[in-house]
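Asks: Got a sequence here, can you model it:
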Amino acid sequence: MYDYSHGAGSSQPPAPNPGRHRRRACTIHRLAHNEPVNDLAPLLTPEGRALLDEVRGTDPAQELAVATRLRREHPAELVSAALGQARLRQRAVAKFGAEDAGRMFFTPNGVEQSTRASVATYRAECFDALGIRSVADLCCGIGGDAIAFARAGIRVLAVDRDPLTCEVARANAAALGLADLIEVREADVTEVDTSGYDGVFVDPARRSGARGRIFDPEAYSPPLSWAVSAALNAPRAALKIAPGIPHDAIPAQAEAEWISDRGDVKEAMLWFGTGVTPGARRAVLLPALAGIWASPATMLPDPEVRPVGRYLYEPDGAVIRAHLVAEVAEDLEGGLIDPTIAYITADEYHVTPYATAYEITDQLHFSVKKLKALLRERQVGTLTVKKRGSAVEPEELRRKVKPQGPNAATVFLTRVAGAPTMLVGAPARASATAGGAS
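Replies: Coordinates of the predicted model:
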């Protein structure tokens with residue numbers, strides 16, 4: 001079995017997503033970098049809102065000067081909270097877009113753990129396509145998924161046990177004009193009755209303040225076993241899990257889905273009761289909405305290993321996580337360069353959304369000296385280094401070869417048939433390889 005940890009079937013319709021549940025020993029959070037606050041109320045007053053408008057877009061390097069000036073006219077804690085929100089809003093733009101991020105409220109954990117808007121929108125559209133008109137969003141966090149559900153016209157019960165998190169989620173629903181569709185409830189999700197809702201979405205907390213990222217599904221809060229039980233008792237349900245979850249930890253009743261956005265794997269989902277095929281796996285690539293799917297009956301064995309051809313294909317991370325590399329390799333009429341490495345090689349160029357194609361010009365046994373000489377000969381000054389199955393760090397290699405010149409190249413540090421190898425090439429372009437395009 002090749003190494004899925006490094007970073008063709010048919011598409012299936014998607015399903016709803018999990019909520020966010022966190023257990024905290026303390027409800028004091030830092031909305032700013034130096035002043036603790038227990039609630040959001042001061043920022044929701046006319047004075048607080050005016051301050052938020054005034055500090056919008058403040059350069060972090062100017063925060064001290066801005067704070068000193070504003071504290072002459074406003075309470076120091078309020079100024080600090082406003083500047084903290086400004087900084088959090090700037091960070092949130094990558095997930096929510098400038099327009100929404102500029103109106104929403106955040107906590108540091110909320111920015112870090114909230115669902116990217118593109119993924120939440122995709123999930124909400126899946127719920128909508130399934131005919132779900134009401135959903136219990138358990139472990140809702142600051143409300144990112146609840147907002148997407150509401151914008152799809154779905155009535156939402158958003159639940160979190162942390163008081164400040166609920167306060168922020170409520171403020172976000174109001175700020176975006178969705179308060180009529182989103183009810184925020186402060187409660188332990190394990191004690192909430194969801195029987196009156198068409199669907200359930202659970203996003204257990206996968207981080208803790210003391211330990212950071214949590215890898216054991218039973219250490220999620222609430223544990224995955226509880227979330228699965230809640231899903232099985234709902235008409236339709238989706239659970240959000242870590243993309244790196246071992247496949248043997250996925251319950252047999254679920255269909256598993258991995259989602260990437262612009263090439264970055266963002267999350268994995270488990271779907272229940274939505275017409276899913278138990279044990280099936282799916283990879284969904286946003287924003288193209290490309291999807292590849294395989295059931296237990298149709299999953300292919302690992303591709304054969306073959307010599308490196310003219311093209312190397314780097315599968316999308318969601319494809320690798322879903323263990324669907326074989327399906328992509330079949331579509332590309334290719335094979336693996338090594339039984340443990342998820343790189344596909346082929347002699348022809350094929351257009352595919354599921355992998356990035358590179359045209360390979362050179363194959364070398366690993367040797368810094370040989371690579372340095374080759375790059376000097378090709379006048380390569382812009383060097384992209386990718387690795388899979390190699391212990392060499394890209395920055396370390398760059399320092400040693402000292403690329404100089406007007407040209408660009410990509411080098412893959414990997415294994416070919418078990419041997420440490422360097423493959424040199426560049427992103428393939430259809431216009432340059434029209435003869436092999438399909």
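
Asks: in the helix ranked longest in the chain, what's buried?
Replies: Taking DSSP state H as the criterion, the chain has its longest helix at helix 76-101. By neighbour count on 16 or more other Cβ atoms under 10 Å, the buried set for helix 76-101 is 77-90, 92, 95-96, 100-101. Bear in mind the C-beta positions are built from the backbone N, C-alpha and C, glycine included.

Asks: ditto for stretch 364-375
Replies: 371, 374-375.

Asks: Please apply the same query to stretch 259-272.
Replies: In stretch 259-272, counting by 16+ other Cβ under 10 Å, buried: 259-261, 265-272.

Asks: returning to that earlier point: beyond the longest helix of the chain, next helix or strand please.
Replies: For helix 76-101, the following helix or strand on the C-terminal side (DSSP states H and E) is helix 108-113.

Asks: tell me how far that next one is from the chain's mean position?
Replies: 13 Å (Cα atoms, centre = their mean, to the nearest Å).

Asks: can you check stretch 180-187 too?
Replies: The answer for stretch 180-187 is 25 Å, by Cα atoms, centre = their mean.

Asks: Send over that stretch as PDB, restricted to the C-alpha atoms.
Replies: C-alpha atoms of stretch 180-187 as PDB (Å, rounded to 0.1, in the frame of the first residue of the first chain):
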ATOM      1  CA  ASP A 180     -34.700  35.200  12.100                       C
ATOM      2  CA  LEU A 181     -33.300  31.900  10.900                       C
ATOM      3  CA  ILE A 182     -30.600  31.100  13.500                       C
ATOM      4  CA  GLU A 183     -31.500  30.300  17.100                       C
ATOM      5  CA  VAL A 184     -28.300  30.200  19.300                       C
ATOM      6  CA  ARG A 185     -28.600  28.100  22.400                       C
ATOM      7  CA  GLU A 186     -26.000  27.800  25.200                       C
ATOM      8  CA  ALA A 187     -26.100  24.100  26.200                       C
END
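
Asks: in the sheet, who's paired with the nearest residue in space to Val392 that is not next to it in sequence?
Replies: Using Cβ to Cβ, 6 or more residues apart in numbering and skipping residues adjacent in sequence, the residue nearest Val392 is Leu413, 5.3 Å away. With DSSP bridges as the criterion, Leu413 is bridged to Lys387, Met422.

Asks: I'd assumed Glu396 was in contact with Leu413.
Replies: No: the pair Leu413 / Glu396 is not scored as a contact, 10.4 Å apart, by Cβ atoms under 8 Å.

Asks: who's more crowded, those two?
Replies: Leu413 (21 against 10; other Cβ atoms under 10 Å).

Asks: pLDDT value on Gly97, please?
Replies: In this model, Gly97 is scored at 97, pLDDT.

Asks: Where does pLDDT dip in the protein?
Replies: 1-39, 207-212, 430-438 (pLDDT under 70).

Asks: got the contact list for the spatially closest residue to Leu423 that is not a sequence neighbour?
Replies: With Cβ to Cβ, 6+ apart as the criterion, Leu423 has its nearest non-adjacent residue at 4.2 Å, and that residue is Phe412. Residues near Phe412 by Cβ atoms under 8 Å, 6 or more residues apart in numbering: 312, 343, 358, 386-388, 422-425.

Asks: Show me where the stretch 151-300 of the chain has its strands.
Replies: With DSSP state E, counting those that start in this stretch as the criterion, the stretch 151-300 of the chain has strands at 155-160, 182-186, 199-202, 207-208, 212-213, 236-241, 255-261, 264-272, 281-286, 290-294.

Asks: Identify, out of those, the most deeply packed stretch.
Replies: Greatest average neighbour count among the strands of the stretch 151-300 of the chain goes to strand 199-202 (a mean of 32), per mean count of other Cβ atoms under 10 Å.

Asks: strands paired with that strand, and their directions?
Replies: When pairs are called by DSSP bridges, strand 199-202 turns out to pair with strand 134-138 (parallel), strand 236-241 (parallel).

Asks: roughly how far is that strand from the heart of the chain?
Replies: On Cα atoms, centre = their mean, the centre of strand 199-202 falls 19 Å from the chain's centre.

Asks: swap in stretch 316-335?
Replies: The answer for stretch 316-335 is 19 Å, by Cα atoms, centre = their mean.

Asks: if we can go back for a sec, would you list the contacts of Phe412 in CSV and tack on neighbour count?
Replies: Formatted as CSV, the contacts of Phe412 follow (neighbours: other Cβ atoms under 10 Å):
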residue, neighbour count
Leu312, 26
Tyr343, 27
Tyr358, 23
Lys386, 19
Lys387, 16
Arg388, 21
Met422, 23
Leu423, 22
Val424, 20
Gly425, 19
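
Asks: Just the buried residues of stretch 349-366, please?
Replies: Quick answer for stretch 349-366 (16+ other Cβ under 10 Å): 349-350, 352, 354-355, 357-360, 363.

Asks: To clarify, my last question referred to stretch 303-310.
Replies: 303, 305-306, 308-310.

Asks: quick one, what contacts the nearest residue to Asp128 once chain neighbours are set aside?
Replies: Nearest non-adjacent residue to Asp128, counting by Cβ to Cβ, 6+ apart: Ala152, 4.4 Å away. Shown in contact with Ala152 (Cβ under 8 Å, 6+ apart): 121, 124-125, 127-128.

Asks: any idea which of the residues you listed is closest to Ala227?
Replies: The shortest approach to Ala227 among the contacts of Ala152 belongs to Phe127, at 17.0 Å (Cβ to Cβ).

Asks: Let me know how buried the closest one is, in neighbour terms.
Replies: 27.

Asks: now the one 4 residues further on
Replies: By the criterion of other Cβ under 10 Å, Gly131 has 9 neighbours.

Asks: Same question for Thr340.
Replies: So Thr340, with other Cβ under 10 Å, has 18 neighbours.

Asks: And Pro163, by the same measure?
Replies: For Pro163, using other Cβ under 10 Å, the count is 14.

Asks: Over to Val319?
Replies: The burial count assigned to Val319 is 29, neighbours taken as other Cβ under 10 Å.

Asks: Check which helix or strand it maps to.
Replies: Here Val319 is assigned to helix 317-321, by DSSP H and E.

Asks: Just the angle for whichever helix or strand comes after that helix relative to strand 290-294, thanks.
Replies: Next along the chain after helix 317-321, taking DSSP H and E as the criterion, comes helix 325-332. Orientation of helix 325-332 against strand 290-294 (axes from the mean of the first three to the mean of the last three Cα atoms, to 10 degrees) gives an angle of 110 degrees.

Asks: Which SSE is immediately downstream of helix 325-332?
Replies: Downstream of helix 325-332 (by DSSP H and E), the next one is strand 335-338.
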